[in-house]
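> no sequence on this one, just coordinates:
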Ligand code: NAD
């Protein structure tokens, strides 16, 4: 039976980069037998423009029925003055929560062709390939109680709650162990167990799961040390699993090790394997509409979709190989070009990936 893909271009450069990813999907469907039905729906600012809400009911309905979702990016200056619950980012948080996309997989891969793009020395980052598995629907971003209160003395107090149940830790733990088993077999669980009780429980649950995954070697690291180790010697890591807050910060740091935000995809999965796939970058309003955006993070998000939600790992490999070939040919959008290097636009980059795919069999 055909798999259903819902494409949500969103705002800013979203529609431009998603159009290139569509070319790749359309090619695979037309020429390589990928059996998919593709639909589109507005989200974020585009959702607000179309239906008065960043996550229109019709979009959510289609999302629930889809096997996989492809998102461009949301947000932009036009929407910054909207009330908080109507802002584009609420669409994103809303869909993550509604679909229970609790496991966020963020690879940080440094393509050898782009080693010069990192701010770290090439010998520290060459060949970098780390996967960060971040818990996405729990922890301090969602914990109750939360708020800002005025105390008896007139001073205000802000508070949030860091909370994880054993079940929440176990399900992200399992995703991480399974991910590590498919990669290099090393999983580092990052916590703050020397200070936080939640982290103590986190560590205990990870330890309890470990014997079920004999091919995976589990280690633990405090988050402050992990931040340091990521910039000191990032290649020591294979898979990192951590909480929502720590993962938010560490995955951005890891992304920056590669120096090219326009190259990094991500996946957010739920327990049934349904996933939302998106580049890690935002809507880049500064370059929107100029045909300059790098579509490769979105194209690579399609590869992740094929691997994790559509069981088409050979096609995923082919896309990743095609991206490598395009880089080998020297094609660069402005964000990944060295000074003085010739550049190509968004559409030319997408076309080149499809050409490279067509040349492979
Ligand atoms: P951003 O990621 O949009 O842009 C940061 C910088 O990177 C900009 O200079 C931009 O031009 C560049 N950049 C980003 N993606 C690129 C690409 N594919 N090709 C070339 N250059 C690229 O982050 P920001 O400027 O902080 O945020 C802009 C808007 O995006 C805000 O409204 C923010 O809320 C939103 N945002 C959305 C998401 C998302 O949809 N998942 C994530 C982050 C930020």
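All right, it came through fine. Note that this is a predicted model, so its numbers are computed, not measured.

> enumerate the residues of the stretch 1-150 of the chain near the ligand.
13, 17, 73-76, 89, 92 (Cβ under 6 Å from any ligand atom). For the C-beta atoms, the positions are set from N, CA and C on the backbone; glycine is no exception.

> oh, that last question was meant for the stretch 201-350 of the chain, not what I typed.
Counting by Cβ under 6 Å from any ligand atom, the residues of the stretch 201-350 of the chain close to the ligand are 261-262, 278, 281-287, 293-294, 297, 335.

> how about the residue of the stretch 51-200 of the chain at minimum distance from the ligand, what does it touch?
Relative to the ligand, the nearest point of the stretch 51-200 of the chain is residue 75 (2.5 Å; Cβ to the nearest ligand atom). Counting by Cβ atoms under 8 Å, 6 or more residues apart in numbering, residue 75 touches 11-12, 44-45, 87-89, 282-283, 285.

> out of these, which is nearest to residue 1?
Among the contacts of residue 75, residue 44 lies closest to residue 1 (Cβ to Cβ), at 30.2 Å.

> quick one, what contacts that closest one?
Contacts of residue 44 (Cβ under 8 Å, 6+ apart): 8, 10-11, 14, 54, 73-75, 79, 88-89, 91-92, 283.

> same check, this time on residue 267
Residue 267 touches 104-105, 275-277, 301, 304-305, 308-309, counting by Cβ under 8 Å, 6+ apart.

> give me the phi and psi for it.
phi -130, psi 140 (degrees, to the nearest 10).

> just after the helix or strand of the chain with the lowest mean pLDDT, pick out the following helix or strand.
Across the helices and strands of the chain, mean pLDDT, DSSP states H and E gives its lowest value to helix 122-125, namely a mean of 89. Where DSSP states H and E defines the elements, the next helix or strand beyond helix 122-125 is strand 129-135.

> all strands for this structure, in order.
3-10, 36-40, 68-73, 103-109, 129-135, 147-150, 156-159, 186-191, 217-222, 239-242, 265-269, 275-279 (DSSP state E).

> need those strands in CSV with mean pLDDT, can you?
Below are the strands of the chain laid out as CSV (pLDDT from 0 to 100):
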stretch, mean pLDDT
strand 3-10, 98
strand 36-40, 97
strand 68-73, 98
strand 103-109, 95
strand 129-135, 97
strand 147-150, 96
strand 156-159, 98
strand 186-191, 98
strand 217-222, 98
strand 239-242, 98
strand 265-269, 96
strand 275-279, 97
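
> excluding chain neighbours, what is closest to the residue of the stretch 51-200 of the chain closest to the ligand?
The shortest distance from residue 75 to any non-neighbouring residue, by Cβ to Cβ, 6 or more residues apart in numbering, is to residue 88 (4.4 Å).

> who does the least confident helix or strand of the chain touch, helix- and strand-wise?
For helix 122-125, there is no helix or strand it packs on, judged by 3 or more Cβ pairs under 8 Å, 6 or more residues apart in numbering; DSSP states H and E.

> buried residues, that helix. List them.
Of the residues in helix 122-125, residue 125 count as buried by neighbour count, 16 or more other Cβ atoms under 10 Å.

> try stretch 260-278
260-270, 274-278.

> just the helices from the protein, written as ranges.
14-31, 45-51, 57-65, 88-98, 122-125, 166-182, 197-209, 223-232, 244-258, 296-308, 313-328, 346-359 (DSSP state H).

> out of the ones you listed, the one nearest residue 145 is which?
Short answer: helix 197-209, nearest of those by Cβ to Cβ, at 15.4 Å.

> got the angle for that closest one vs helix 223-232?
Here the directions of helix 197-209 and helix 223-232 differ by 70 degrees (axes from the mean of the first three to the mean of the last three Cα atoms, to 10 degrees).

> just checking the distance from helix 197-209 to the centre of its chain.
For helix 197-209, the gap between its own C-alpha mean and the chain's C-alpha mean amounts to 25 Å (Cα atoms, centre = their mean, to the nearest Å).

> got a list of what residue 110 touches?
Contacts of residue 110 by Cβ under 8 Å, 6+ apart are 118, 125-129, 257-259.

> any idea which of these has the most stuff around it?
When neighbours are taken as other Cβ atoms under 10 Å, the top entry among these is residue 258 (26 neighbours).

> what pLDDT does the model give that residue?
In this model, residue 258 is scored at 86, pLDDT.

> any idea how far it is from residue 148?
Using Cβ to Cβ, to the nearest Å, residue 258 is found at 37 Å from residue 148.

> same deal with residue 278?
Taking Cβ to Cβ, one finds residue 278 at 31 Å from residue 148.

> tell me which of the contacts of residue 267 is nearest to the ligand?
Relative to the ligand, the closest of those is residue 276; by Cβ to the nearest ligand atom it sits at 10.1 Å.
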